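Asks: got a sequence here, can you model it:
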Amino acid sequence: MDEGWTRWVLEQYDFPMVNLSNEQIRSGEFTETVDVLLFPDVEEGIISKGEPGPSYWGRFVPLPPEYSGGIDEWTIVEKTKKDNGTKPTTGGERIKGWVKAGGTVVALDSSADYFIDLFELPVTNVLADDKHGDFVCPGSTLRVEVDTTDPLSWGMRPEEAIYFADSPAFKTRVPDPRFDRRVIARYPDHEADILLSGYIEGADHLERRAAVVEFTIGEGRVILIGFRAQHRGQPLRTFKLLFNALYGVNEPITDP
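Replies: Modelled structure (predicted):
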C-alpha cells in the first residue's frame, strides 16, 4: 500500500521515475539508469525474501512465481545457473556496490531495518526488540527537532510535526572510518514534548532518538527517514525531506 502512495506523490510532483522488479535489482540492470533507489515502508523480510516477519498482522498468502521472492531470493533459474562455479549475486550486494560508486538509497519507515543490516550502519532501531510491548504508537502526530542548516531539511522549521505509525527510532553510534553520519531530525529530550496529537505509550523510548539520519558511504549515500514522510499523500511539510533527498542537494541553500 505504501508503495502506491509513494508512487502517487511522485507522480503529482512530476518526478521522473521507474518501477523496478526484484530481477532488475538482482541483475544490476538498474545501476546504469537510476540515480536514487527509494524504498517505501516495507518490512525487511519482504524486501529480502518476499516473506513477512513473525510480527506481520495479516495472513500471508504466497504470490505467483513471477511476483514472489525478494531482492535477495534468487529464482529457480538463477539458483541453477552456473557462473564460473559461483552463486548469483544478491540484490543487496548489487546495491552496496552501486552506493559506494555514488548511488543514493532513501529508506522510509520500516525499510530502514534492511539497510541498517545490509551496510552494517552504526545505528540501531531501538524499537525493534520491544518484545514486551512497552511502546505503543499506532498512528499519531509527533514533534521532531530539525537541523535546519542541513541541505536535506531545506525549507523546514526547527520544529516539525511528523506522522508516526509503529515506525523505527534510531540510536546512533560513533561511526567508523567507513561512514560519515549526519542526524537531520531527532525527538525532543523529554517525553512530555513528543506527542502533538493522538496516542502514545512509552514515549520515553523516543527521548533524544534520531528520526532522520544520513550516511555517506564511499561516493554515495544512505538516508534513513524513520517515518512515512509521504503518508497517504497528506503530510505536505515532510514532503520536503523526501524531495530534498531525491534531488540530491549536497550544498546548503539559503533563501534569496
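
Asks: this protein: helices as residue ranges?
Replies: Secondary structure of the chain (DSSP state H): helices at 2-12, 22-27, 44-49, 76-80, 91-100, 112-119, 236-247.

Asks: those helices: which one's closest to residue 164?
Replies: Among the helices of the chain, helix 236-247 comes nearest to residue 164, with 10.8 Å by C-beta to C-beta. Every C-beta, even on glycine, is put in place using the N, C-alpha and C of the backbone.

Asks: looking at the helices of the chain, which is buried most?
Replies: Comparing the helices of the chain by mean neighbour count (mean count of other C-beta atoms under 10 Å), helix 112-119 comes out on top with a mean of 22.

Asks: where in the stretch 101-250 of the chain is pLDDT low?
Replies: 131-132, 249-250 (pLDDT under 70).

Asks: where do the strands of it begin and end?
Replies: In the stretch 101-250 of the chain, strands defined by DSSP state E, counting those that start in this stretch lie at 104-108, 123-125, 140-146, 159-164, 170-172, 179-186, 195-197, 210-217, 220-225, listed in chain order.

Asks: among these, which is nearest residue 31?
Replies: Among these, strand 220-225 comes nearest to residue 31, with 11.3 Å by C-beta to C-beta.

Asks: can you tell me the strand partners of that closest one and which way each runs?
Replies: Applying DSSP bridges to the sheet, strand 220-225 is found paired with strand 104-108 (parallel), strand 210-217 (antiparallel).

Asks: among these, which is the most enclosed?
Replies: Comparing the strands paired with strand 220-225 by mean neighbour count (mean count of other C-beta under 10 Å), strand 104-108 ranks first with a mean of 24.

Asks: with just CA atoms, put that one into CSV.
Replies: The C-alpha coordinates for strand 104-108 follow below in CSV (Å, rounded to 0.1, in the frame of the first residue of the first chain):
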residue,chain,number,x,y,z
THR,A,104,21.7,7.1,-3.2
VAL,A,105,19.3,5.0,-1.2
VAL,A,106,16.3,6.6,0.6
ALA,A,107,14.6,4.2,3.0
LEU,A,108,11.2,5.2,4.5
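
Asks: relative to helix 2-12, how tilted is that strand?
Replies: Here the directions of strand 104-108 and helix 2-12 differ by 120 degrees (axes from the mean of the first three to the mean of the last three C-alpha atoms, to 10 degrees).
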